[in-house]
Structures are given as structure tokens and as C-alpha cells.
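A.B. asks: Could you work out the structure for the sequence below:
(3 chains)
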Amino acid sequence: MEKMTKPVQLLQGNAACARAAIAAGCRFYGGYPISPSSEIAETMAKLLPRVGGKFIQMEDEIASLAAVIGASLAGMKAMTATSGPGFSLMQEHIGFACYTEVPCVVVDVMRGGPSTGLPTSPSQADVMQARWGTHGDHPAIALCASSPGEVYELTVRAFNLAERLRTPVILLLDEVVAHMYEKVDLGRLAGLPVEDRRKPKGAPGKLEAYAAGEDGVPAMAPFGEGYRYHVTGLAHDSRGYPTQDPAVVETTQRRLQRKVDRCRKEIVSYELLQCEDAEVIVFAYGIVAAAARQAVRQARQRGIRAGLFRAITLWPFPGEELAAAVKQAKRIVVAEMNLGQMTGEVERAVGKKKTVKTCLKANGEAITPDEIFSALQAEDACHA
Amino acid sequence: MESPATQNVLIVGVGGQGVLLASDILGTVCLGRGYQVKKSEVHGMAKRGGVVYSHVRYGTQVLSPTIEPGTSDVLLAFEPAEALRWSKYVKPTGTVIVNTQKRIPPAACQDRRPDALTRYPRGIEQALRSQIEDVRRFDAETLAFELGDLRMCNTVLLGALSRVCEFSAEEWLAAIEKSVKPRTAELNRRAFLAGRSVEFPCAEEPQAEELVFEKREAARDEAPFIEIRQNWCKGCEICVRVCPQNCLVMNGSKLAEVAKAETCIRCMLCEWLCPDLAVSVH
Amino acid sequence: MLDIQKYLRLEMFPHMLCPGCGHGIVLGALLRAIHSLKLSQDEVVVVSGIGCSSRLSGYVDFDTLHTTHGRPLAFATGIKMARPELTVIVITGDGDGLSIGGNHLIHAARRNVGLTCLLLNNEIYGMTGGQAAPTTPLGKISTTGPTGPFETPFDSCRLVEAAGASFVARGITYEPATLEKLIVAAIQNPGFSFLEIISDCPEFFGRFNRMGNPADQILAQKQNVVDAKTAATLPPERLKGKMLTGILHHEPRPEYAASYQESIAQMGAQAR
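C.D. replies: The predicted structure is shown next:
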């Protein structure tokens, strides 16, 4: 299919996400319409059957992620996409997928909240929900793209991480990136590596479905191939059977966290712009990072030594990397389209000796370069 | 004063065989002659293959509706075991007409294994012959089946009955036509005539019945074995209460226990209704 | 007589259900039905939600998925879509399937996705200690309805039939042989099959409502039901307060996963 299309295309962020998912091997999409994510579902509905994949519009977002997990257990790479209100509904099953270790990708195109909020104006107010939205301790991986081209790359990466680590991976987009059109070189992106889940070695038999090796990731058998194992959202032992034995529960909890932690270096990615000599560094992600880039440029033109730390991975939080990048800086400006959800994380990472200022906006408008530029100059926080 | 010439005909069978219609037809024939007729019948468990009987008494004057034991002139039995059950009602000089096809009642086949031994009586023919002079056995059911409808069995048997009653074939046929649905009238007519033309003793293979018993005899195996996994049983008592044979009891630890497996009829209720999957019947 | 043990995860027994709980009887009937259909253990997937009934999935030796409260049908839909060749059986309860999962139930029925849904109705929330369910009859006591509910219970079969299920039936645990046959018929229907099974909760429903011991309770089941065929011959006043049992609706129509699969094949043909 890909070879019949032009390698360089003007692609919308949401469409890029769908195209990348298929390229990453996604063959199942279960979803529910919600702006501003619906184009992902629409594109998948059209494209998936052409590659032998399955699309289903479920009755709600809860059911959507449930179907995705079901399909993934049956051996298909699977995803769903939604926006804030739907993301809230999906939290139940994000936790289920974490605990039962079912790979899947959840795309959240963030819009202004809380509640029905601002359909469909941009926001970045779901970043904490992506980390702590579901109950209980669990690992979380969340990536955040700043442009349609990056949406493509990160979608493929999200699938790779999900499959490799047997865990849900969240891809956070904001409304601006999702609806933005940009030139995307599909020819170059077609070469991105694709990873598949590791299947059990040897013939089906009695399988310890959750027995993991050094990497903490159990091999995953698809349903229907004779392994006959149990999957439950209850605390379970290495066979998958429910248990309340504190030692066993503890072991599993720790393993889940560890399997992600030990790959932290591979998961965490970020971009540095002129941080080496910067006295003030903007911390931004998503579309705000694009504005921040312009603000840094403006500041440099005015002789202010500014830099940008653009987080691509939001969870696990790139704290060590940020701390290293801001070593010589005096001030950090956190620019985000919410009321400071990541600011606390930044403060924790950089320590008390640095001054952390904010440039926040949660009114449905995107943060402008000027606003960030003002914040770079000002000693006090800018509440745009 | 009841006429001494009152005739007694006892018609017996099991539910669904058409005993009552047959007795109605006999009654109609009698009325056609201007006789008094009294009929007394019992039916109830018809759907379960239960016993159905009809006492028919006719003559110039009939007072009592029921036949006393040892006084019936004719016993028309739709089923061999029923013939045996009612044989004591027949005069030693009377006549028994028996359909030889058996209907094994649930009470006689409680063992649910394929080919299990039934408690259906054996030696019926000998028992009948030892009590009653004229025993006429024939396979009315097969005859009816060959005519095209198993349900004609009762009319076939009426045909055989007509040979020992005083009424003419025409009187019988007129009564039959009056009693059955028009579309089956012709078939009933043929069934009646077929039954009427059977000559006794008729040539049939009397060993058929014995063969069945032998086969069942051969299939008898060891006594049923009920297994209760005590560590799975939670003592809900359902198996004990549903067992129709009282094979199971609650023991001192309030768990189910096998008391007498030998009376087990393998109805499987204990196994199927055990919520703990703790009971197996082998 | 069937060696049911080959279908069990013996290491999980005895199961955790209360003494006399009707759900174990359903489990036996389900396994005998699967056996009589000669299904391989590898081609059966059992999916369940949360609650007493949904615990059954953990005890059977198939691929089994014990999901979240109310959602098993949605998970099962994904499995069936991904692998239409599998026999996917969903076990849910009255709270799981009709209350929190009611939306999923009607939509699974509407889509006619090829799942067999066994809804074990014991008219109460057992796992959480005997709260009122959407099936608790008027006048019956629960911990959250100490004087009985003020709301009318669901007739799940009528609900699901109206939603579009191609097979709807109701059985009772007191008739395990009939129940087995109904499960067989439900599995054989290619579309969405719904089977409500009246099951007992002696521990809460029975105790609160003074229904005697588990044996008393199961023996009383017949009082509340009438076979659908018999019901057709009875006047309405004789059916008052009775639930109908047997196959209540069977009208096959195209199954969702197969239809989708077919459309993929057609698309492939067009592309060539």
C-alpha cells in the first residue's frame, strides 16, 4: 500500500498517527468518536481492512480499550485514540492492561478540561492523568509529539515499547499537533524498525504465563494457540492465578515497575536547544515546544542566553536528563498549557537552588512565542 | 335387576396409546344396539406413559360401572405388562387380547445406562396362559405401523376384539366412522379390518422378548460407584436431598457421604447439581 | 459420568464459591456442553467480568480472561474480531452484565457479534455482601434494600432480544440437563447468543429472604418459572410473576466478525 503512495506527503497529525500505526504492525483499532481525535479512527476505519486489519467502533471508550486489550491478547497489535473525557473513561483499562501486561497503544489528543471542557481547543492538561489516572501503583510510559512528522515516529515507537515491555503506552498529542498539516517524508519513515512481542519458546503446554526472566517481561502467548492460561486483573502469581500472598504480590508489583525502569534510558528521549551556555532554560513539550523554540531564538537575538529542553518522553519523567541540562542555568521556565502540572516534576528534578518560573495557559488558546519570551525575561512568573 | 348377560370388557394400556378412544368406540357400538353401557376409566399420568384403563359394561340393564375381579369376559391389553397387571380381573374362561409391544415404564428403567437391565416383568405369556383359557397375543403396533400410522394400533386391537364380541363388522365400522376424524376414517377402517382378520394363535417370534432380556442381562456390569471428593464438598446438602434413592447422607462433619451406592439408579442428579463439582457417578 | 476433570484447573480446587452456590452447577453444565460439542480446549476462550459468577473463568482449562466489572463482552468482542474462529464464551452476572455492563450487553446484542453470553442471575450482589441488584425482585431484601427495592427488576431476556440478539434463552440450575442443552444451542448459534441462568445465592439472597438451606432454595426454583412452550398454552393470569424458560428467541442473522472478515476478503479481491 505504502509504495503506491507518494513518499513525501502533506499529512495531518492524526492521519500520520494512523498511518504510522499500520506501519508499526497495528491490525486492530477499537474506538469511539471524540474530537479532536476522530480522524485517527476515520483513517483507521478506511485503511485497516485493506491490510487485513480490523476496525470496530465500540459503544464507549471503556469498551474501546477493552476490545483493544482483547484483540491484543488474541495476538494482534492494537490501539485506540481518544481525547480527555474518553481518556478518563479509559483509565480503568489502562490499569488492567498494566497489571495483566497486555501491549496496547492509547492516543490521547488533549483538549481543554476539566469535564467536557473545551471541545476542541488545545490543552496539555492530561499529562498527570497519563501518569496517575488509573488507580494503584503501576508503571507508565507516555510520549508527546510536537509535529505531525514526530507523531509518526512516536506512534511507531509507542508500539515498539508496548510490544517489547508488554505494557500500555500512551501517546499524548494536543489539538494543535493533531490537526496540523505538515510535510512528512514517509519514504524515510518507512525504514523505522518495528518490534514484536516475544512469544514463548517451545510447544504449547503448561505455561507459567507470568514467569519473567532478567528483563522482567514475560513471553506472551496469543489466545487460541494452546497455551491455555489465565489472565486476571486481580493480583496474580506467575501462573496468572489470583493470589493475596503479600510476598507474591510485592514481587509482581516490583517487577512491573522494574521492567520499565531498567529500560528508562531507551525510553526517555528529549531534545536540547542551546542549553550548553544558557542561563535561562525553557522546559516545554508538545506544541508549546514549537513556540518555545521561537521564543529562545528571539531571546538569543536580544542577547539573552536562553535554551530549550523539549521533553519527548513525559513518563518516565526525564528528570536526570533535565537536571544535567540545566546545571549551569539559573532559571527554568516551565511553559505548558495547563495550570502547572509538570512544574512540580521539574522543581523536584532541578533542586531548590534553581529558580523555577512558569508560563501557563489553560484557557483553550495556545501559548505564543511572545508569552514565553516575556517569561524568559521576567523574574516573576508569567500567567498569560 | 341387572341382566345376567351383561358383558364386561376391560381395556387397559398406557398413556398415549388410545385406550379411551377405543372404549368410546366400543360404547358407541353398544349404544347402536340399544344396550345400556357404563364406562369407568382412569387416566392421569398419560403424558408420562402411566397406566390408563377403562371398564366397559354393556347389556340390557347395567347398574354398576365397574368390573369386579374375576368377572371380566374380555381383557383388551394394549401392553403386555398391563395385561399381567389386570389379568386377575378376567374370568378363567375369558379372553385376553394382548398387543406384544412393550412400553417400559420409568419405574422399571431407573438405571440410565445404555443397555441397562430393566425391571420389566418376564414370562408374561406363561402367567396369562396359566390363568386364562384364551390368550391372543399379536403385534398390533407393527401391524398399524405397516398400515401407515402407528396411532392406528387401538383400532387394530378393536378389530381383534370384534372377533369375540357379538357385534357385526358393519356395526363396528359405523361406530368408528362416527368417532374418528373424517380424514383418518379410511385408515381406521383398514386398521379395523386388519385386526379383525388376525388368526390366533398367530405366527410370530416369541423369542423376541427373551432376546431383549438376554441382551440387557449381558450389559449388566458392576454396581454403580459414587465418588465424593470430600475436600471439594462444602456440605450444601443438595445431593442428599435430590437423590431419589436416598443413596447419600450427611456425615458427622456435615459433608455428603455415600450410604448405599447399590440402590443408585444413575440418574446423575447428585453429580449435575453439585455446585462444588465434588460428586462423580461412575 | 463424563470425566469433567480434564477441563478443570485442578490446582485451583475446591473453588471459592459459597456452599450451595448455583454457579458451580452452571460450570458443570457448561463443561458438559463443551464436551458434547467436541470442542478442543484450545479453541475455547472463556471471558468473565467481576463478581461471583465471573470467578468461574479461573477454574477452567482454556484460555481465560477475567476482566473488569461489567466489561467482559467488550473484551470478548476484541478477541472474536481478532480470531473469529475461536469459540468465545462470556460468563457474567446480573450485576456485572445488567447494571455496570448493561451498555456493553445491548451493544453486543445489537452487533450480533459471535459470543455466547451466559448471564448467571442470582438476583443479588454476592461478592460484595448481598446488595440490591437490577434483578432483585420487588419485596426481596438486600443489604442496600432492607425493605426490598422500589424499582422494577430487569427482564434480561426481553431486553437483549429487543437489542437484537439472535438467540435468547433462559435456564435454571435445577434443570442441569436442559441447561446443558440450552448452552449447546447457544454456542451453536453463530451470532450473539444470550442465555440467562437462574442461579441461587443461598448465602445472601437465600438467607436474607428466609428461603431455607441451599437444597430448599434450588428445589423451590420451579415455582417461579414456566417453560415457554407451556406458557403459550396458558392464560395470562397463570403466568403472572413467572419467568419463562427455554429458547425464547432464535432468529439467525449475519454474525459481525464473520461479516467483517468477509468484507476484508472482498476488499482484497478488488485490490487485485
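
A.B. asks: Let me see the contact set for the residue in the stretch 1-150 of chain C positioned nearest to chain A.
C.D. replies: Taking C-beta to the nearest C-beta, chain A has its nearest neighbour within the stretch 1-150 of chain C at C:G78, 2.7 Å off. In short, each C-beta sits where N, CA and C put it, glycine included. Counting by C-beta atoms under 8 Å, 6 or more residues apart in numbering or on different chains, C:G78 makes contact with A:28, A:30, A:56, A:66-74, A:78.

A.B. asks: Likewise for A:K201?
C.D. replies: Per C-beta under 8 Å, 6+ apart, neighbours of A:K201: A:A219.

A.B. asks: What helix or strand is it located in?
C.D. replies: In this assignment (DSSP states H and E), A:K201 forms part of neither any helix nor any strand.

A.B. asks: Get me the contact residues on the stretch 101-250 of chain B for chain C.
C.D. replies: B:231-238, B:240-242 (C-beta under 8 Å from any C-beta of the partner chain).

A.B. asks: again, only using 10 Å
C.D. replies: Counting by C-beta under 10 Å from any C-beta of the partner chain, the stretch 101-250 of chain B comes close to chain C at B:112-113, B:229-242.

A.B. asks: quick check, nearest of those residues to chain A?
C.D. replies: Checking those one by one against chain A (C-beta to the nearest C-beta), the nearest turns out to be B:W232, at 17.2 Å.

A.B. asks: The closest residue to that closest one other than its chain neighbours: what's it in contact with?
C.D. replies: Take B:W232 and drop its neighbours on the chain: the residue closest to it by C-beta to C-beta, 6 or more residues apart in numbering or on different chains is B:A278, 3.7 Å away. Taking C-beta atoms under 10 Å, 6 or more residues apart in numbering or on different chains, we find B:A278 in contact with B:227-236, B:239, B:255-256, B:270-271, C:13-14, C:24.

A.B. asks: Can I get the buried ones among the residues you listed as something I can paste into PyMOL?
C.D. replies: Typed into PyMOL, the line below selects the buried ones among those, using 16 or more other C-beta atoms under 10 Å in any protein chain shown:
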select buried, (chain B and resi 228+229+232+233+234+235+236+239+255+256+270+271) or (chain C and resi 13+14+24)
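
A.B. asks: How about the contacts made by whichever residue of the stretch 51-200 of chain C sits closest to chain B?
C.D. replies: Taking C-beta to the nearest C-beta as the measure, the stretch 51-200 of chain C has C:P176 as its residue closest to chain B, at 3.7 Å. The contact partners of C:P176, taken as C-beta under 10 Å, 6+ apart, are B:268-269, B:271-274, C:25-26, C:28-29, C:32.

A.B. asks: What about these, which are in helices?
C.D. replies: B:269, B:271-272, C:25-26, C:28-29, C:32 (DSSP state H).

A.B. asks: Out of the residues you listed, who's the most crowded?
C.D. replies: Counting neighbours by other C-beta atoms under 10 Å in any protein chain shown, C:I25 comes out on top of the ones in helices among the contacts of C:P176 with 28 neighbours.

A.B. asks: Show me what secondary structure element comes after the longest strand seen in chain A.
C.D. replies: In chain A, with assignment by DSSP state E, the single longest strand is strand A:104-112. Next along the chain after strand A:104-112, taking DSSP H and E as the criterion, comes strand A:118-122.

A.B. asks: strands paired with that next one, and their directions?
C.D. replies: Here strand A:118-122 has these sheet partners by DSSP bridges: strand A:104-112 (antiparallel).

A.B. asks: Tell me how far the strand it pairs with lies from the chain's centre.
C.D. replies: The chain centroid and the centroid of strand A:104-112 are separated by 8 Å under C-alpha atoms, centre = their mean, to the nearest Å.

A.B. asks: hey, C-alpha coordinates of it in PDB?
C.D. replies: Coordinates of each C-alpha in strand A:104-112 appear next as PDB, following Å, rounded to 0.1, in the frame of the first residue of the first chain:
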ATOM      1  CA  CYS A 104      -1.500  -1.600  23.500                       C
ATOM      2  CA  VAL A 105      -1.200   2.000  22.400                       C
ATOM      3  CA  VAL A 106      -3.600   4.700  23.700                       C
ATOM      4  CA  VAL A 107      -3.500   8.000  21.900                       C
ATOM      5  CA  ASP A 108      -4.900  10.900  23.900                       C
ATOM      6  CA  VAL A 109      -5.400  14.100  21.800                       C
ATOM      7  CA  MET A 110      -5.600  16.600  24.700                       C
ATOM      8  CA  ARG A 111      -8.300  19.200  24.700                       C
ATOM      9  CA  GLY A 112      -9.200  21.700  27.400                       C
END
